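Asker: Quick one, what's the 3D model for this:
(one chain, ligands or ions: 2)
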Amino acid sequence: MRDENINHAFLDGVLSGEHPDVFYHFGVSSGDPVLESFRDVRAIIMAGPKGRIVDFAQRWSRERGGAPVIALPKEDRFVTRYCDGVLFASHGMGMPSASIAVQELMRMVFFLKRGDHGAMSEVFWARVGTSGGVGLPGGTAVVTTEGVMADLKPYRLLQGGTGEYSFDGRFPLDVAHAIIDSSAGSGIPIEKGRTVAGNEFFLEQYRLDGAICMETPESKMSWLDWIHSQGVRNIEMEGAMFAGYLNHWGFPRFAMICTTIVNRLEGDQVTATPEELGTYREHIGDVLFNYLHATLG
Ligand code: R2B
Ligand code: URA
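Answerer: Ligands and ions are numbered 1, 2, ... in the order given. As a prediction, this is how the structure comes out:
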């Protein structure tokens, strides 16, 4: 862990009991007894939609001998489920939403593991989601090696009027390879590659079908060809921040697994049928669960 990047000025007072930590968007505080049952958390699995979290937790419970599922009561922002060492949490769409979930969960892990670096570094984090493929057909599971923004630079935010904060978007390659290995022989098409995180579904992903369009067919294809030539295999909306924040604290084990739902070299609109989309989502669920079983025993 990178202790120098942990906000001890705020967090140490939580451990010493000077003040609680209110995880406002999850509707829970460090003083709430329900968090005692999360102490053994070994993996944090995040996904955009709430329904996917509920489904994942139910599946994990089934596959772990009917282990109980615990829900946090507040569900208007993010949905959370805890079951047998795994905390499942939704993050909404885009980096502004997902960054709130990630920051509160990082604080929660600090609290649950009592600031112990060894225990914190054992926690595995994953985002499991959908994406636009770049030269890949729908239904391919992409395991990300690096998250970048649309200009292929790392995730960054305005630092008031003075500059920008910038974050390292690389994903640990040993984890990416272990995920791919644990689904070997499953028949699911899996690729690894860099992933662009757009701040927008339309403009920062160079779509021509938005209400607002700033691109031409030529500028769109030129961007897609460029990012493809630089090793990008898919486009989504959270990965660069997700890796950037986890790297900032020095978490060593995290990953992103996204299914492609459209091949952006062939079009912009998502025309896959509900049945096809269901199959694509099953792929990433299977890849995730194969790894969870392999890594958590
Ligand atoms: C993938 O899908 C969502 C947009 O449809 C977004 O959250 C993402 O990263
Ligand atoms: N999610 C995205 O952000 N982009 C796509 O093209 C598909 C899913």
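
Asker: longest single helix anywhere in the chain?
Answerer: As assigned by DSSP state H, the longest helix anywhere in the chain is helix 274-296.

Asker: What residues sit buried inside stretch 108-126?
Answerer: Neighbour counts using 16 or more other CB atoms under 10 Å place 108-113, 115, 119-120, 123-126 of stretch 108-126 among the buried residues. Every C-beta, even on glycine, is put in place using the N, C-alpha and C of the backbone.

Asker: what's the farthest-apart pair in these?
Answerer: Gly115 and Ala126 (22.9 Å; CB to CB).

Asker: and stretch 117-132, does that touch ligand 2?
Answerer: Yes. Under the criterion of CB under 6 Å from any ligand atom, ligand 2 is reached by stretch 117-132 at 130-132.

Asker: any idea of the mean pLDDT in that stretch?
Answerer: What stretch 117-132 shows for mean pLDDT is 98.

Asker: before we move on, what about stretch 171-180?
Answerer: Taken as a whole, stretch 171-180 has an average pLDDT of 98.

Asker: mind listing which of the buried residues of stretch 108-126 are in strands?
Answerer: Among the buried residues of stretch 108-126, the members found in strands (DSSP state E) are 124-126.

Asker: Can you tell me the SS state at the residue in the stretch 1-150 of the chain that ligand 1 sits nearest to?
Answerer: At 3.7 Å from ligand 1, Met93 is the closest residue in the stretch 1-150 of the chain, using CB to the nearest ligand atom. Judged by DSSP: H, G, I helix; E, B strand; the rest coil, the three-state class of Met93 is coil.

Asker: which residues touch it?
Answerer: Taking CB atoms under 8 Å, 6 or more residues apart in numbering as the criterion, Met93 is in contact with 48, 201, 237.

Asker: May I see the residues you listed organised as TSV, with pLDDT added?
Answerer: Below are these laid out as TSV (pLDDT from 0 to 100):
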residue	pLDDT
Gly48	98
Phe201	98
Met237	98
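
Asker: and which of these is nearest to Glu146?
Answerer: For those, the residue nearest Glu146 by CB to CB is Met237; the value is 15.7 Å.

Asker: ok, the closest one - how many residues close by?
Answerer: For Met237, the neighbour count with other CB atoms under 10 Å is 25.

Asker: can I assume it is in contact with Gly198?
Answerer: Yes. Contact criterion CB atoms under 8 Å: Met237 and Gly198 qualify, at 5.7 Å.

Asker: Among the ones in strands among the buried residues of stretch 108-126, which one sits closest to Ala67?
Answerer: Among these, and counting by CB to CB, the member closest to Ala67 is Phe124, at 17.5 Å.
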